[in-house]
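In: Structure for the following, please:
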Amino acid sequence: MSIEDGDRVQLGYVGRFEGGSVFATSDSEVASEHGLTEAQGKGPEEYGPLSFTVGRGEVIAGLEEAVVGMTVGEEATVTVPPEQAYGDRDPEHVREYDPETFEGMVGRPPEVGLHVEARNDRHGDVVAVSEDAVTVDFNHELAGKTLVFDLEILAVE
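Out: The predicted model follows:
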């Protein structure tokens, strides 16, 4: 039976950048091989299949579209451009703050790499700190990137 809108799908996956480096996976061995367990602070038991309902927007559009028509046991490699994933990088999502104001909002001194959450539930990373400004990038970390996924359909409900 081919996957269609409304089906609940369970799949195994490995997500890579075009250059080949792995950024996400459902396989704990692949995660460990590529240093993701340490980088993401996850243990092997935290990796597993991805489940979503086709047509509900629970995953990026390119992944959702890729599984339509596939069947259980089928494998595929799909390339997802930014517009079907996390969009292009938007310079308007990079904001500057006065260091004192930033520290008052966040409750700690600014430092490059610090992850912050704004009141509007947007997440960002401090990308630069100077005496006069703290620069925070609120773009999704995968914005502007073409993603390549190796998929295997494990189950369909």
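In: Now do the same contact list for A61.
Out: Taking CB atoms under 8 Å, 6 or more residues apart in numbering as the criterion, A61 is in contact with 84-85. In this view, the C-beta of every residue, glycine as well, is placed from N, C-alpha and C.
In: likewise I3?
Out: I3 makes contact with 9, 54, 67-71, 153, 156 under the criterion CB under 8 Å, 6+ apart.
In: so which of those is the most crowded?
Out: The most neighbours of any of these, using other CB atoms under 10 Å, belong to V9, which has 25 neighbours.
In: Is it in contact with V67, as I believe?
Out: Yes - with contacts counted by CB atoms under 8 Å, V9 reaches V67, the gap being 5.5 Å.
In: okay, and the common contacts of those two?
Out: Taking CB under 8 Å, 6+ apart as the contact rule, the neighbours common to V9 and V67 are 3, 54, 153.
In: Need the residues you listed in CSV (columns: distance to G144 and secondary structure).
Out: What follows is those, written out as CSV (distance: CB to CB, whole Å; DSSP: H, G, I helix; E, B strand; the rest coil):
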residue, distance to G144, secondary structure
I3, 29, coil
V54, 26, coil
I153, 29, strand
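In: nearest to E111, of those?
Out: V54 (41.5 Å; CB to CB).
In: ok, back up a step: could you list which of the contacts of I3 belong to helices?
Out: Secondary-structure check on the contacts of I3 using DSSP state H: residues within helices are V67.
In: where does the chain dip in pLDDT?
Out: 38-45 (pLDDT under 70).
In: Pop the domain breakdown of it in here.
Out: Taking automatic domain parsing as the domain assignment, the record places the domains of the chain at 8-86+142-156, 91-137.
In: Next, report how far stretch 118-135 is displaced from the centre of its chain.
Out: Mean-position distance between stretch 118-135 and its chain equals 20 Å (CA atoms, centre = their mean, to the nearest Å).
In: thinking again about what came up before, relative to A128, which of the contacts of I3 is nearest.
Out: Closest to A128, out of all of the contacts of I3 and judged by CB to CB, is V67, at 39.3 Å.
In: Tell me the secondary structure at D150.
Out: The three-state assignment at D150 reads strand, by DSSP: H, G, I helix; E, B strand; the rest coil.
In: got a list of what the residue nearest to the spatial centre of the chain touches?
Out: The centre of the chain sits closest to L142, judged by CA atoms, centre = their mean, with a distance of 5.9 Å. By CB under 8 Å, 6+ apart, the contact set of L142 is 23, 85-86.
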